[in-house]
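Student: Just a sequence and a predicted model for now, questions to come.
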Amino acid sequence: MSLPPLVSPADDLTVDEVRRYSRHLIIPDIGKTGQRRLKNAKVLVVGAGGLGSPALMYLAAAGVGTLGIVDFDVVDESNLQRQIIHGQSDVGRPKAVSAKETINGINPLVKVILHEERLDSDNAMQIFADYDLIVDGTDNFATRYLVNDACVLLGKPYVWGSIYRFDGQASVFWAEHGPCYRCLYPEPPPPGMVPSCAEGGVLGVLCGTIGSIQVNEAIKVITGTGEPMVGRLMVYDALEMSFRSVKVRKDPECPVCGKNPTITELIDYEEFCGVVSADVQQAAVGSTISARELKDMLDNGDNIFLVDVREPNEYEIVSIPGATLIPKGEFLSGAALERLPQDKRIVLHCKSGIRSAECLAVVKDAGFSDAVHVGGGVLAWISQVDPSLPAY
């Protein structure tokens, strides 16, 4: 559907701005008025990572007058495969600061505002209030629901994107004109059902594809050009190189944007999404050991059976000596239980401790009461025991 422009035009463009944005100005659908709307726009990008990198760079190049960046993380070497706004020299630096410097290099006419803090229910409304449109570049469900609910409550459009391995999705959620994120996904998936990019991986260039689509939609909404993806979900398969569009209808019973909303203020989104289920939390109580404790067990020759619950391709990257690979899926199906010895103490580990905690709940439920898992997983082993191993 066609929508009215989100932002009113700024004062006239300068000579320098006319030169810079000339390829926009000669497009009839944007022209000088559209560029003045972009100049007057205030866009907040949540996350300066995989999706936030191309989004910020193209928003800056397009001439969006004010860009806000919410990010409290620092640049890690594993980010550089896809987070193109950062470079090797930025490793260890705050992502927001690194992103601002890159933006300044692309377009010094853009005002950049940094919010170097974790976005949560206490600060989201205050941060969002000063912006016209929100672009979401996060990779976790709790923050997505938080961003959605804050945008609905404030009446702001929300350009959403999601990436995983070779698959991407994008849409525009704007409760005033169509559905919100909750209309598409009323409930979050069960904890651990959908791996993060850190656990499942993502093709680096996929970030550029989806991030660029998000900026395309943001420009359309700001300038009132074309038909934004309000009420539509774009699904992209990079392996097949296919795009398809799915209609999304507004849910009249939606708890936040429906006829009788029950969510009228921001809630605890970590609890709502059940980042770690109650069963997993209970199983891990008193049954979590450190990487150093595992090292002592191995050095002392303790009677343990060390199990790596990651995927085979992760095991090939780096592994803890002596570990037997049994992927998490075999625990969830029950097949792994037949491979566990009854006369040894079961010690589980994964990359960071989340998947092994889920498997621990299964193992304990099967009667292995003294089983434990390694908090922090392989990453903790590398940092605490053997820094010569590659982290990923």
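Tutor: Structure's in. What do you need? Numbering: from 1, shown residues only.
Student: Tell me which residues touch the residue lying closest to Asp251 once chain neighbours are set aside, please.
Tutor: Nearest non-adjacent residue to Asp251, counting by Cβ to Cβ, 6 or more residues apart in numbering: Cys183, 4.2 Å away. Yep, even glycine has a C-beta here, placed from its N, CA and C like the rest. Cys183 is in contact with Phe173, Val248, Arg249, Lys250, Asp251, Cys254, Cys257, counting by Cβ atoms under 8 Å, 6 or more residues apart in numbering.
Student: Asp139 contacts Glu199, doesn't it?
Tutor: No: look at Asp139 against Glu199 with Cβ atoms under 8 Å: they stay out of range, at 10.4 Å.
Student: residues near the residue nearest to Val230 when sequence neighbours are not counted, how many?
Tutor: Among residues not flanking Val230 along the chain, Gly178 sits closest, at 4.1 Å (Cβ to Cβ, 6+ apart). Neighbourhood size, Gly178 [other Cβ atoms under 10 Å]: 22.
Student: And the longest helix along the chain, what's buried?
Tutor: Looking across the chain with DSSP state H, the single longest helix is helix 204-223. Within helix 204-223, the residues that count as buried by 16 or more other Cβ atoms under 10 Å are 206-223.
Student: Double-check Ala231 against Asp251; I have them as touching.
Tutor: Check again: residue 231 is Gly, not Ala. No: counting by Cβ under 8 Å, Gly231 stays clear of Asp251, with 11.8 Å between them.
Student: list residues touching both of those two?
Tutor: The overlap between the contact sets of Gly231 and Asp251 (Cβ under 8 Å, 6+ apart) consists of Pro179.
Student: hmm, back to that, so what secondary structure elements neighbour the longest helix of the chain?
Tutor: Applying 3 or more Cβ pairs under 8 Å, 6 or more residues apart in numbering; DSSP states H and E, one finds that helix 204-223 contacts helix 31-40, helix 52-62, strand 133-136, strand 158-164, strand 167-173, strand 232-237.
Student: Could you give the separation of stretch 81-98 from the chain centroid?
Tutor: The chain centroid and the centroid of stretch 81-98 are separated by 16 Å under Cα atoms, centre = their mean, to the nearest Å.
Student: meant to ask about stretch 170-188
Tutor: The chain centroid and the centroid of stretch 170-188 are separated by 17 Å under Cα atoms, centre = their mean.
Student: Can you give me the buried ones in that stretch?
Tutor: In stretch 170-188, counting by 16+ other Cβ under 10 Å, buried: 170-175, 177-184, 188.
Student: Likewise for stretch 51-68?
Tutor: 51-60, 62-68.
Student: Not counting sequence-adjacent ones, nearest residue to the most far-flung residue of the chain relative to its centre?
Tutor: Distance from the centre of the chain peaks at Asp343, with 42.0 Å (Cα atoms, centre = their mean). The spatially closest residue to Asp343, leaving aside those adjacent along the chain, is Asn303, at 7.5 Å (Cβ to Cβ, 6+ apart).
Student: Might one say that that neighbour is in contact with Lys344?
Tutor: Yes: contact criterion Cβ under 8 Å: Asn303 and Lys344 qualify, at 5.3 Å.
Student: These two - which one has more neighbours?
Tutor: Each of Asn303 and Lys344 has its neighbours counted (other Cβ under 10 Å); Lys344 has more, 14 against 9.
Student: Could you check how far that one is from Thr288?
Tutor: 19 Å (Cβ to Cβ, to the nearest Å).
Student: Please name the residues that touch Met297.
Tutor: For Met297, the contacting residues are Ile289, Ile304, Val347, by Cβ under 8 Å, 6+ apart.
Student: Recalculate using a threshold of 10 Å.
Tutor: If you count contacts by Cβ atoms under 10 Å, 6 or more residues apart in numbering, Met297 has them with Ile289, Asn303, Ile304, Leu306, Arg345, Val347, Val372.
Student: CA atoms only: put the helix or strand where it lies into PDB for me.
Tutor: Assessed by DSSP states H and E, Met297 sits inside helix 291-300. Taking C-alpha atoms only, helix 291-300 is exported to PDB below (Å, rounded to 0.1, in the frame of the first residue of the first chain):
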ATOM      1  CA  ALA A 291      36.800 -25.000  32.400                       C
ATOM      2  CA  ARG A 292      39.600 -25.100  35.000                       C
ATOM      3  CA  GLU A 293      37.700 -27.700  37.000                       C
ATOM      4  CA  LEU A 294      37.400 -29.800  33.800                       C
ATOM      5  CA  LYS A 295      41.100 -29.500  33.300                       C
ATOM      6  CA  ASP A 296      41.700 -30.700  36.800                       C
ATOM      7  CA  MET A 297      39.400 -33.700  36.200                       C
ATOM      8  CA  LEU A 298      41.300 -34.600  33.100                       C
ATOM      9  CA  ASP A 299      44.700 -34.200  34.600                       C
ATOM     10  CA  ASN A 300      43.700 -36.300  37.700                       C
END
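Student: Run me through the strand neighbours of the helix or strand that that helix is followed by, direction for each.
Tutor: Remark: after helix 291-300, the chain's next helix or strand is strand 304-308, criterion DSSP H and E. As defined by DSSP bridges, the strand partners of strand 304-308 come to strand 324-325 (parallel), strand 345-349 (parallel).
Student: Can you tell me the closest non-neighbouring residue to Arg93?
Tutor: In space, Arg93 is closest to Val75, 5.5 Å off (Cβ to Cβ, 6+ apart).
Student: Surely Leu13 forms part of a strand?
Tutor: No: counting by DSSP: H, G, I helix; E, B strand; the rest coil, Leu13 is not part of a strand but coil.
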